[in-house]
Structures are given as structure tokens and as C-alpha cells.
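**Student:** Model the structure of this input:
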Amino acid sequence: MRFRERFLFRCTTSFFLVVGLIGGFSRLALGQPIENLKYGQRDKFRQLEEILPTPNGYRNAAGEPGPAYWQQRADYVIDIHLDDAKQHLTGKEDITYHNLSPHTLRYLWLQIDANIFSPDSDANILRSFAPQDRISTGMMKRMQARKAFDGGAKITKVADHAGNDLEHTIVKTMMRVDLPEPLAPGADFKFTVEWNYQINDSAIAGGRTGCEHFEEDDNYIYEVAQWFPRMVAFTDATGWQHKQFLGSGEFTLELGDYLVRITVPDDHIVAATGVLQNAGEVLSEAQQKRWERAKTASRPVFVVTPEEALENQKEKSEGEKTWVFFAENVRDFAWASSRKFIWDAQGHQVEGNPVMAMSFYPNEGEPLWSKYSTHAIIHTLNVYSRYTFAYPYPTAISVNGPVGGMEYPMICFNGPRPEKDGTYSKRTKYGLISVIIHEVGHNYFPMIVNSDERQWTWMDEGINTFLQYLSEQEWEENYPSSRGEPAAIVGYMLSSQQVPIMTNSESVLQLGNNAYAKPATALNVLRETVLGRELFDFAFKEYARRWKFKRPMPADFFRTMEDASGVDLDWFWRGWFYSTEHCDLAIEDVNWAMPSDGDPDKEADRKRAERDAQTPTLSETRNKPLPKRVDQFPELKDFYNSYDELDVTPEQREAFEKAIEKLSDEDKKLIASQENFYTISIKNIGGLVMPVILRLEFEDDSEQIVRLPAEAFARNSESTRTTVLSDKKLRSVELDPYRETADTNRDNNYFPPRLEPSRFEIYQSEGRERSRGENPMKAAKKREEEASKKKEEAEKAEQAPKAKDKPAEEKPAEAAGV
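**Tutor:** Numbers count the residues shown, from 1 in each chain. Next comes the predicted model:
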């Protein structure tokens, strides 16, 4: 081979080797099991170590922070002014950034989330309109207004602590600040940012923040979030987490202390992250007394009454007040302001920590909000703290306004309201309770267990939805939870438009199912079916304890759950989090066998009975009356015409008796037993390996539950089998009887086979109209009013007898001719 040919051969070989290695690594990176081409299956129990990041001094192999773990910190002092007439914010902040990393920094990154409302933002540019036959005027107005609305932040100053301007570059929803000199490990840097922006009207440009206008009284509710330039997180896992804010991927933030002064019209009531520092300056004397009474109350107490809120919203004050709040060790700050707010509060002890649970809402939220909101806050704190750690903050707040459901440290925004007449549907009632549980629960994940929302939505939404499900089930019996039960996710698991849970937030399809419902269901399955409640609860609480006020990554969660439970769960994470496979296990066959004691006479009798019980074939039945030649010529018959192969010979009996004589009494007893051997074969159609749960029903109406761990599929992921011994006769077998594995096809879960019916609706071919109708409470109220009206009319009728029943008036005597 000539030099050039040898050179080309080596280059080509190296190229394909590299391509092969890259392909192999890419499969590993995607979490795909390695396929054994000779066996024709993927190894679904292959360990995840080749996928997960290598343990190091920052994060160890057990899933906990290592001895070299570090995280940055940022403290804020902020002054913000709300212009109620123009719905405009103007702010100034002093930031102290603490470089606790081992790295020297030459620039800092800040998040300018308000820029998502700039007309040229990526979020706006990427927004599309699906062509339809028709569109509402409201939708047209919103689309046009969103295109024209500029809610981006105007940065007017960036300067160091001495007032010197700092070079800075705005990159869409991020801003880089160039440092005058490198920031060494352990050093601090203080600087100032000034900005202003127009608050978005949620009816036109909705989002996680905004204002709501009430035309009847010309007032606003402001729910203000992502409102100030915030430090981007700098971590050991990602460096600067400055992925652009597009809307779905939420936030990745640093912990710190906040002193915030909020200037608003002096008739406004303000709710905010942290503790109010100047109640004596902003509350009336009566309100201060109610506030003090609420601290020890056993039920919510009105600090601002509904009557005060109604009176407050009638006229607009021209003066202003500044509300001062301080929050310690939080990763963010949000607030709400309105002259329409009712305010109720109740003090509560969470494992010895005093917490003020509070709700802020307009009269339009009554009677629903005063009945349920603060109760739901307290219930959430109780349940979540039991499964994780005691709630560490001094307040927990729920606010009703334009944002349907959004969470921040110590405060959350929740949308459901009753109808104008005060009635509400079942969906609205439980929707309110559930969204408050969910959003208050976010204080634990990700506000305290500070995960990277921008990268992994499931780490806060999925885990939080799981705890929400547990809390809902402790609210009342048969609570209508929409997520958590395995049976509720079957439709999604079968769908084709999905990606693995381990997908970046902005690339997720079906966000609600992927990042909320599926991980919540997975954790419920892990708790109930795989680990059991005791092991799961211990491991989960250990994860929360380890990463409280720290920043976990997915591998830390996976490793901690295995480390604290003592159970290998790599197959579970691989199937539920790294794949889109679904669970469809099927009973393929049930084989029944009984041991024989070897007695030739008993064996012959059994086989003869089986033979005699067999139904003749069609041909045998029709051939039976036909004339037979051996009947016409008897001399054709010989020994075999009368021989029965089941007849037992003396030699067979003698051999059996000799064999029995050699056995011990224990062996004789074992051979004489008449246990039934039932071998049940299971086929894995959906691909997702899962534990096998079987319910065996016997002819005496008794039952037996058999549970096989997922390792039943360890050597063959496509099928498995198990043998059950019983002295009873089997009537039927059911797979997954308690609907705990999200099995997508229950028709193949029975032996003998059984079909589960579905229902369809019959309707007239023409003139069919669908209507959701009134909510049941409104309809009941209407019926009560009609009944009361009828009763009132009946009572009036009884009090006013008809004219014909009146006694005749007596005539004067002279008129009567007397």
C-alpha cells in the first residue's frame, strides 16, 4: 500500500472511529440504554453512572453537597415607586455581590426579565398565530396591543458604589456589567442600577406579572414580579446561567437579604415578600390592633375589612406612603398593591416557628377567598413541613389578582374568583384550593431547595405537584386531584407528541403533562409501589434536608433517593425520566400444573377421566354411525382392538411400591401433597419496566396479592413469569388491580380475558347544542329563591282571604224593614 493510500486509509478509519464514538456518547447523553445486538434488547437496568455527571468535591456520589460546595450570594436595597395613574414603575437598587466561588470574575450578569415585554423580544418574535376560520375581536385586540406595547426595562444608570459609571451591555433579557477590576474569590462588589418600565395590562399582555383594571370603580390590582434587575446565578454546574427568558423556563437565582421600600398611593394596601417594618406608619390604629389579635387567633382575622376595602376604593387619594419590608435569605422578591384589598391573617406555629398566614383579595373574591385562602396556606405549611423541613420564613401570603398562579418567596398570586352573585362552581372552589396549595408549596421547591428552573422545570414543578397531591388528599376525603394518580396520566403516556422529562424547559412538549403531571405521578408510583411509604418518605426528606438553601441538580436528587433508601433505582429514572416509554403489561398465559405422586393407578384414572371428558371432534361425531369393516369381519380384530394403553400392569405397580419404600416419611408427605402450580406469563408491550402486581381470585372467593419487583425483567425486558403455589383452585388473575402503575391498556390485564367497556353518547343528528349551563351553586340558589318567593306568595294569600269568603256586612235595622 502506497504512502498516500495508507494515509487516506488511516484518516478514513480514524474518522469513522470518531463518528462511532460520538454516536455512542450521544446515545449515552440522551440516556438511551445500550442495545445488545445479539440478544435484540436494550439493557434497561444498565447503571446511570455513564450518563450522570462525575461526582466531585462540590457534589459527591451520594447526592449531597461535597466538602468544597459553594454558591454565590447577592444582597439588595431597593427603592421602587408606583405611578398608579400611568401604571409605571421607577426604581433604584444597590446590589452587594459576594463572590464565594473559587473563581476570579471579570464581569457580572443580571437578568432584565421585563424585556420579555419588548416588542422585539424573542418571546414576541417567536409567538405565532394558528390560522383558523374565525377569531374573536378580543383576541385581535390582544394581538395588536401586544405588538404595540413596550414593557421593556429602560436602564438609566449602572454605577459602582462611588458613583462611577460601569460599562454594561444588554443582551435581550440579560445584561452584562463589566467590572473595573477582577473580583477575586471571597471579595464583594457593590454597585447601583436605576431603571423604569411600563407595567403590562394582564388582559392584553398576560404573564407572570401585571395589573388588572376594574372598570366599575376605575381601580387597579398590581401583582409585581420580575420587576428589578436580578443577579444571574453563577454555579459549579453551569457557570453563568444566562439562558434567555422566553417564558416557559422560569428562574435561576441567588439567595440574599432584601430591604425594599415601596412607595404607593396612601390608600393602597401592600403585600410583599418579607416582614413589614413600619406598620405604625401605614396602618390605622384599628388595623394595627386587628393585626396584633390575628397573631394568636384560631381563625383568620380581618386586618382590613370588606367594608373598609369598599370604602377605600371609592375615591383616589393624592398622597403617598412608603411601605418598608425586610426579607432574609430569599432568592427573589415580589409584591402586590391595591386600594381594593381586603386583608385577613392568622398566626400559626410550624414546628415551633411562628408564621403569619395572610390573604389579600378584593370584594370580587368573596365569599370564596375569606373562606378558603388562609386555611389553604396553613394546611400547605403543615403537610409540606412534615415531608420536608419546618417552614423557615415568618410569613406566607396568597394574593388574588390578574395572575392565575405564580410563586415567589413568602408570597404567591392566585386567580380563581366566584361569579358576580357570589356563587361558584365545584371546579372554581377546588381550583382555588389546589392553586394556593401549589403556589404556597413552591416556597419549599424551588424557593428554599433552590433548583435551576430555567434548565429543569420538573425539579420544582413536578416535585411540588407531587406534594400538592399529598396535601390535597389530606384536605378532605375523595378530593378531586387532577394530577398524581397513575390512572390519570394514561392518555398522556400513550401520546406521541412528548419528550422525556429530562428535557430543557424551552424544548418541552405538553408542558403541564411533562413537567407537572408525569414527574408527580412517577414519584407517587415510587412511593406507593416501588419503595413503599416508609423508605420513600425517609429518602425524600433527606433530599430536602441536604439541599435546603442550596442548589441541587437532577443527579443529586437521583443519587440521594438511592443513597437514603438503599434501593437501586437506575432502571426507574431511566424509564420514567429519560424515556417516553409507557407501561402496558399483559397476562400472556396462565399454566396450571399439579404434582403427581407416581401411583400408576391414580395416574391412569386421571388420564382416563380427561380423555372421557374430551368433546369428540366434528368428524368423529359424524363418522361414528358409519358401518365399520371390522364389524363385518370380526376375524380382523386382534389384541390391540381391546387394548387400553392406560391399563396399569403388575410390573408398574411393583416398581412404584419399591420406590415408595425407599422414601423418608417427610418425602412421602411431600409427594402426597396436592398443591396447584400456577405459572403466570407476563408480556411487556409498552416497553417501560415496572413492578408486577397480580390479584389471584380462587373458587372459594378468597384472594391473594402477588408483587414482583421490576427486577423480574432484569434479564429479559420483554417478558417474565412467576409461579404461585396454592392448595386452592384458581378462578381468575388480574394484573395491576389497584391501578398503581399507569398501565395504558387494561383489556389485557385479565385471565380469563375480560373487556373493560367505554361509553359513548347518543345525540340528535341536527340541532344539537352543548352548554355547560349554570354552576350547581347558582342553580341551587335560584331554586331556593323561587321556593322562597312561592312560599311568601302563599303566606300573603292566606292572610288575605278571597272576597267571596268575606262575611256579609250587617245592614241598619231600618234598612232591613225592622
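**Student:** The closest residue to F713 other than its chain neighbours: how many residues sit nearby?
**Tutor:** Nearest residue to F713 in three dimensions, chain neighbours excluded: V689, at 4.4 Å (C-beta to C-beta, 6 or more residues apart in numbering). All C-beta atoms are positioned from the backbone trio N, CA, C, and that covers glycine. Applying other C-beta atoms under 10 Å, we find 24 residues neighbouring V689.
**Student:** mind checking the SS state of V689?
**Tutor:** coil (DSSP: H, G, I helix; E, B strand; the rest coil).
**Student:** got it, and M459?
**Tutor:** M459 - assigned by three-state DSSP - is helix.
**Student:** burial measure for the residue lying closest to it once chain neighbours are set aside, as a count.
**Tutor:** Excluding its sequence neighbours, the residue lying closest to M459 (C-beta to C-beta, 6+ apart) is S451, at 4.0 Å. Counted by other C-beta under 10 Å, the residues lying close to S451 total 25.
**Student:** wait, S451 sits on R551?
**Tutor:** Yes. Contact criterion C-beta atoms under 8 Å: S451 and R551 qualify, at 6.8 Å.
**Student:** At which residues are the helices of the stretch 701-818 of the chain located?
**Tutor:** Residue ranges of the helices in the stretch 701-818 of the chain, as given by DSSP state H, counting those that start in this stretch, are 776-799.
**Student:** residue ranges with poor pLDDT in it?
**Tutor:** Counting by pLDDT under 70, the stretch 701-818 of the chain has low-confidence residues at 756, 758-773, 801-818.
**Student:** mind redoing it with 90?
**Tutor:** Along the stretch 701-818 of the chain, segments meeting pLDDT under 90 span 754-818.
**Student:** all strands of it, in order?
**Tutor:** For the stretch 701-818 of the chain, applying DSSP state E, counting those that start in this stretch gives strands covering 703-708, 719-726, 730-735, 750-751.
**Student:** Could you export those strands as CSV, including distance to Q497 and mean neighbour count?
**Tutor:** Below are the strands of the stretch 701-818 of the chain laid out as CSV (distance: least, C-beta to C-beta, whole Å; neighbours: other C-beta atoms under 10 Å):
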stretch, distance to Q497, mean neighbour count
strand 703-708, 32, 13
strand 719-726, 29, 15
strand 730-735, 28, 18
strand 750-751, 30, 19
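**Student:** Could you dump the ones you listed into CSV with distance to F251 added?
**Tutor:** As requested, the strands of the stretch 701-818 of the chain are arranged in CSV below (distance: least, C-beta to C-beta, whole Å):
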stretch, distance to F251
strand 703-708, 42
strand 719-726, 44
strand 730-735, 43
strand 750-751, 48
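**Student:** Please name whichever of those is nearest to E50.
**Tutor:** Closest to E50 of these is strand 719-726 (C-beta to C-beta; 25.6 Å).
**Student:** which strands and helices sit next to that closest one?
**Tutor:** Judged by 3 or more C-beta pairs under 8 Å, 6 or more residues apart in numbering; DSSP states H and E, the packing partners of strand 719-726 are strand 676-684, strand 692-698, strand 703-708.
**Student:** That strand pairs with which strands, parallel or anti?
**Tutor:** If you go by DSSP bridges, strand 719-726 pairs up with strand 676-684 (antiparallel).
**Student:** State the distance from Y640 to L535.
**Tutor:** According to C-beta to C-beta, to the nearest Å, Y640 stands 67 Å off from L535.
**Student:** neighbour count winner among those two?
**Tutor:** Set Y640 next to L535 and count neighbours by other C-beta under 10 Å: L535 wins out with 17 against 7.
**Student:** Identify the residues contacting the more buried one.
**Tutor:** By C-beta atoms under 8 Å, 6 or more residues apart in numbering, the contact set of L535 is 565-567.
**Student:** What I need now is the helices and strands packed on strand 719-726 written out in CSV, including distance to Y372 for each item.
**Tutor:** Listed next are the helices and strands packed on strand 719-726 as CSV, based on distance: least, C-beta to C-beta, whole Å:
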stretch, distance to Y372
strand 676-684, 44
strand 692-698, 37
strand 703-708, 39
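**Student:** so which of those strands comes closest to I433?
**Tutor:** The nearest among these, by C-beta to C-beta, is strand 692-698 at 31.7 Å.
**Student:** average pLDDT for the closest one?
**Tutor:** For strand 692-698, mean pLDDT rounds to 98.
**Student:** Which strands or helices does the host helix or strand of Y372 pack on?
**Tutor:** Using DSSP states H and E, Y372 maps to helix 368-387. Secondary-structure packing of helix 368-387 (3+ C-beta pairs under 8 Å, 6+ apart): strand 342-350, strand 353-361, strand 395-400, helix 426-441, helix 458-473, helix 533-546.
**Student:** Can you give me the buried ones in it?
**Tutor:** 368-370, 372-387 (16 or more other C-beta atoms under 10 Å).
**Student:** For the residue nearest to M231 when sequence neighbours are not counted, give me its contacts.
**Tutor:** Nearest residue to M231, sequence neighbours excluded (C-beta to C-beta, 6+ apart): A74, at 4.2 Å. Shown in contact with A74 (C-beta under 8 Å, 6+ apart): 95-98, 230-231, 254-256.
**Student:** what do you get for M502?
**Tutor:** M502 neighbours (C-beta under 8 Å, 6+ apart): 31, 456, 458, 554, 577-578.
**Student:** redo that, cut-off 10 Å
**Tutor:** Residues near M502 by C-beta atoms under 10 Å, 6 or more residues apart in numbering: 30-31, 51, 456, 458, 554, 573-574, 576-579.
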